[in-house]
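Q: pasting the structure only:
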């Protein structure tokens, strides 16, 4: 068996059980193949941040905080604000998680979540310019995984999205070439659409939505497809040690739209519940 | 036994000997419980630096160099100069010291020395402003431990303090928004008080001042208390694997003032002796 | 035997063979003692870079790309442009090369190549100033070793030199204190001389020019001497675990001029051949 | 102390502090044990505006092995602030301040944990500051102590922690952020209430010998209040089915 | 997609793209196998303006040893861009983008390599982008696959790769740099032509379900073209004496 | 050479240099052996305005073990500049320059140390530049050599070091900081006086073949002067009770 340090392993018995169940059309936790785990979303959990959310996807749990602050624009993108998304699996989230700089799996996680939001055009970055080429508003979405039970892609994506929806953008005015914050003049973030990712895994010939940790460790391949409010696909990432057939991918595309639509309703209905 | 790489270890025999002596009211090197080792201080040892000192505390030896240079102020502290204190245990200081980025013990060392000086208000940082919010004078006190025989806290603190007292602040004038150094117009650093730290260790029920390396390795707990010229306490740091009673800490507070007063006189009397 | 991770080793048999041959006045690949391996130079291999070259020195192969971009000058050198040379042994260049930050041997390699070019005055850096003290042109020569068969010093030096000779400097004009590139107005780099390094190794009492990998691993000591177009010495670096006599070094100096002159002709005759 | 100039009235003529508290009154403290699924023990604390998670793993095998101790277990502690926990977004890389606090907290917990029962193993305490306010190291220590107990790790005592300090020449309990910035002294204290031992004490700011003693006593009194809240958190967990916060 | 404003006509009235290609026409692709002396296998690809070297070592011993797998060989992949490969000089330290692409490429190659035949060993694939253009990860994957075959490592299939995308509301093959910057979607695909499995797929940009399917089909068609070029590169090497590029 | 424009007269009509020395006159050199308590061997050198400490540990066990050599001992060398050693405060992290000099000094000392007598061990040489002036690598090498001897490590010879250079078209001994900045060439040389071997030589600046030879000879002459000072430092230590500097 490989000894990969901070990757969890699964025993063969559990793995065989998962496969046997799938052959019988069942999942070990009783879900339908295209059924995500229960989703609970709270916003405003970090009141001092400009936006925040906590998402539970089954036993996977993520907290996202949004910081909004003036920044210099990227070169050649002087007419756009900045959006940056990061992720960290906190070492308290799983016995195999370790503190330290992010490994390739966490970098991929952050970039996939980032890309889903960015490519959907969720945030109208052209509305976040203070002075073209000089000063823009940056939105930083930092995801902290606090309990890891598989499929961090969707948990972080839902949490980031809910947190962005809850975000208040402060007002800055330029004074002496320096952005100065005007108190009590905040506005909603400029939102154009609500992206929803759906991660599907393949075990043998079966495709399952939102694999939990035990299933995750048995996956032959996985794909994360993000759709926007129109039901169109806006980002996509294949992973895992094997591939997909064209038919499987086509089917996954359709599932991402149908399952994504239901989850989008859950995200939309999130209200600030306090703690 | 733990194998902590760059932490020195002590053999049980020596450890028992130290404890037996303490029971008899004695220390292995013959000192009284509240008696620091002999202190020798030289200043001006690095003539090209703006200030410098070498301190020998028993067989522990530290060299501090002070660099003074213009810098940008910290955000929200635009009306204050900058003071930063660092520490390094040079690898030639002890067989267990290793080159590389500072470990947690060295970071704690630097921060405790920094805090003692900073919280005492020794340097009037408001006198080190060139242009408010734009340009201030920074004072950097870098401590290099060259021989490590225990209690680096006090050795570095005395050396930093003596070096600061010896520091000449060059004069800068703003020209085209850039600070330009005016030759031969230096002044003393704006000093308000002389902080003195006293580090005490607990072995069993005994509290000893300025533990040497052998004692240091037997400590149950330690505390560093810094007092200012008024004899008041201005900074404090407990360390070590066990705690103190309230009575012990109260007693340590008093000792820090009485022992500190004597050491302050030694620091005050330091004259530039050359090499 | 040492187990130095990414340093190649040589077996004793091969080592003895090399030494036996040298005793007979021969090298294992049939070259004369003062004969470098065949040199082939192509320029323009990275058309999008401002300059580029590929050099094959026997089976050692290096690609150099030159980037030219505006930068801030170094403090106190406000009337000079910037020249920086780096080197990397790509992990595909040799089974012992490893990815990651450069080790001491690669840092030495880059600095020796940099020094040869810099100290010769090859590039007239005073011609690369946009606004004194504020904005200058930087020339970055990055060497990528793609096949490592010994003597990277000379291979990288020839490749950097050829790449610099092929470099076109774009034109920038200051607009609002910012350098703006003027399209289609590029000029040749301001070249004053062509430096050529010659690396010689000592095995026993024998000095050989341009050691290949097998010879390299047997070296007692090595020296890299760079000469300019006048045949004068402008940089020099001794390496290796043993030393040289004064006579040996004097002889090496002469060899560097004579061999360097021939190689300079090869570099001069390089034409853009395309791929 | 920051010693910033400010117009803030830290203590009014009625002995009421800037946030409405009396001088010996702590902020709101809420602790919940067992909030995480994967950690061996966990706790969540809200202490004023601090929101901190503690997770404990162990005793477990040590990696890298050469740091294991054949005579005793070892304790590791990581105090970390989320990027969004403070006003100005914080880099996720650990700062020197976080490294120092991690060490101070480890040494504050060590006397309470019976590590000698688990040679060759490690107990890991991970503290994540989700939202920071004055006194975050005290709050983290309180949560860590509950999480260790929640993990079932044998302990000699709890460690309870709160700061005392000085504002407007008066010794106060539980320094908040404004009092830390504009006040005269801040002294975080960690205390084992049954063994009556102080395992954490630091100080920024100037105190006379009398004030120093008063501060210690005030903090110890506060630690005893915190201890009751810690015990309740563990009891609540024990008698509930462990619903998370 | 960058979504930059531009005056560039990405597709003219005759269905001709900004670089003169038809919608289903790939850029010039040239692959040469066996270009390096020291690597166990190697390839050099020019794909549009991409210039990429691939070098393979292995199967060989794993360092550090504890990452070895007693059941199977492991595959490592490093995608790296030379500092001079892009317009603005790039720091040689690996960026987050390069780390992600390295992982995606590793997982795209893994299904094709019979790693189970070499337990406890590693196969290292090193990819160096000397000059970057649109589609560099596809080009790198094509070269990697040839280099693995050149190293004689047992493979189930080649992996062939090319992107499809959308510009001016039209699905096109092989997105170039301008189309990537100003277009509507870019979908790199890696495909095993004989096993008919997609082992790499990513997407930036917006597609309807129909366009998504069309994109996949277009890319698969392109991969089959690339496959012929890959085979030819290996045949040319086999029947030549392996002169380098 | 920096080649900075300057009004400095580097050599006047009487052959006197900017600091009053004659062309073949070294700066003041003071070496003291055995200045550190914990190091196995140590030395302190003042060479012009250079102030450098050398400390030696070993032969001792190697960590990490896998770099040990079963055939011979290994030598490690660290040349490091204190943050306050130069005009502009230096970051404590080792620069590329310091890493290169560390390697060059290691290779300059290696021929002199009988490492083959201590297989599987390491000798560590730590050099700390407390105050930097021209020629700090030479001064560091001189101190390192004395510290190695002070540690009782078997040596074939001392290594003595000083630079030669060229200013105002004249070959001079021992280049100072101003001469390094404004002069024409700087050639640090390390030399084993009894074995007559040059173990360190570098050059910045332009020399004809004749000047090159003259420079080497001048430096070797200087090394012999340094050697006497090194021997005296060791004798002084041996016949004193090792009072520190």
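A: Nice, I can see it. No experiment lies behind these values; they were computed from the predicted model shown.
Q: quick one, grab the pLDDT at residue A:180.
A: Among the per-residue scores, residue A:180 shows a pLDDT of 92.
Q: counting neighbours, what do you get for it?
A: Applying the criterion other CB atoms under 10 Å in any protein chain shown, we find 11 residues in the vicinity of residue A:180. Placement of C-beta: from N, CA and C, glycine included.
Q: is chain D contacted by the one helix or strand it maps to?
A: For residue A:180, the host element (DSSP states H and E) is strand A:178-188. No - on the criterion CB under 8 Å from any CB of the partner chain, strand A:178-188 is out of touch with chain D, staying 10.5 Å away.
Q: low-confidence ranges, the chain, go.
A: Assuming you mean chain A. Applying pLDDT under 70 to chain A flags residues A:1-9, A:271-275.
Q: looking at chain D here, not the other one
A: In chain D (pLDDT under 70), the answer is D:1-6, D:241-245.
Q: apart from its neighbours in sequence, what residue is nearest the residue minimising distance to the centre of chain A?
A: Against the mean C-alpha coordinate of chain A, by CA atoms, centre = their mean, the closest residue is residue A:157 at 1.6 Å. In space, not counting the residues next to it along the chain, residue A:157 is nearest to residue A:197; the distance is 4.2 Å by CB to CB, 6 or more residues apart in numbering or on different chains.
Q: now residue A:182: closest residue in space, sequence neighbours ignored.
A: Going by CB to CB, 6+ apart, residue A:182 has residue A:171 as its nearest residue, at 4.4 Å.
Q: can you show me the strands along the stretch 51-200 of chain A?
A: Remark: strands assigned in the stretch 51-200 of chain A by DSSP state E, counting those that start in this stretch are A:51-57, A:60-71, A:82-89, A:129-131, A:135-147, A:168-175, A:178-188, A:196-203.
Q: what lines up beside the third one in the sheet?
A: Sheet partners assigned to strand A:82-89 using DSSP bridges are listed as strand A:135-147 (parallel).
Q: number of nearby residues for the residue of the stretch 51-200 of chain A found nearest chain C?
A: Minimum separation of the stretch 51-200 of chain A from chain C (CB to the nearest CB) falls at residue A:133, amounting to 9.3 Å. Neighbourhood size, residue A:133 [other CB under 10 Å]: 15.
Q: and what of the one 10 residues further on?
A: Applying other CB under 10 Å, we find 30 residues neighbouring residue A:143.
Q: who's it bridged to?
A: With DSSP bridges applied, the residues forming beta bridges to residue A:143 are residue A:64, residue A:87.
Q: next up, the contacts around it.
A: Contacts of residue A:143 were listed using CB atoms under 8 Å, 6 or more residues apart in numbering or on different chains, and they are A:62-64, A:85-88, A:110, A:113, A:156, A:159-160.
Q: now do the strands in chain D.
A: Assigned by DSSP state E, the strands in chain D fall at D:29-33, D:41-47, D:50-61, D:74-81, D:121-131, D:160-167, D:170-173, D:185-192, D:197-207.
Q: quick one: which of the ones you listed is nearest residue B:52?
A: The closest of those to residue B:52 is strand D:197-207. By CB to CB, the value is 27.4 Å.
Q: does chain B sit close to that closest one?
A: Yes - applying CB under 8 Å from any CB, one finds strand D:197-207 in contact with chain B at D:197-207.
Q: what is the nearest of the residues you listed to residue F:176?
A: The nearest one, if we look at the residues of strand D:197-207 next to chain B relative to residue F:176 and count by CB to CB, is residue D:204, at 46.6 Å.
Q: mind listing what the closest one touches?
A: By CB under 8 Å, 6+ apart, the contact list for residue D:204 reads B:115, B:119, B:235, D:1, D:185-187.
Q: quick one: buried ones out of these?
A: Members of those that pass the buried threshold by neighbour count (16 or more other CB atoms under 10 Å in any protein chain shown) are listed as B:115, B:119, B:235, D:1, D:185-187.
Q: dump the residues you listed into JSON lines; add distance to chain A as well.
A: Formatted as JSON lines, these follow (distance: CB to the nearest CB, whole Å):
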{"residue": "B:115", "distance to chain A": "25"}
{"residue": "B:119", "distance to chain A": "27"}
{"residue": "B:235", "distance to chain A": "29"}
{"residue": "D:1", "distance to chain A": "22"}
{"residue": "D:185", "distance to chain A": "25"}
{"residue": "D:186", "distance to chain A": "20"}
{"residue": "D:187", "distance to chain A": "25"}
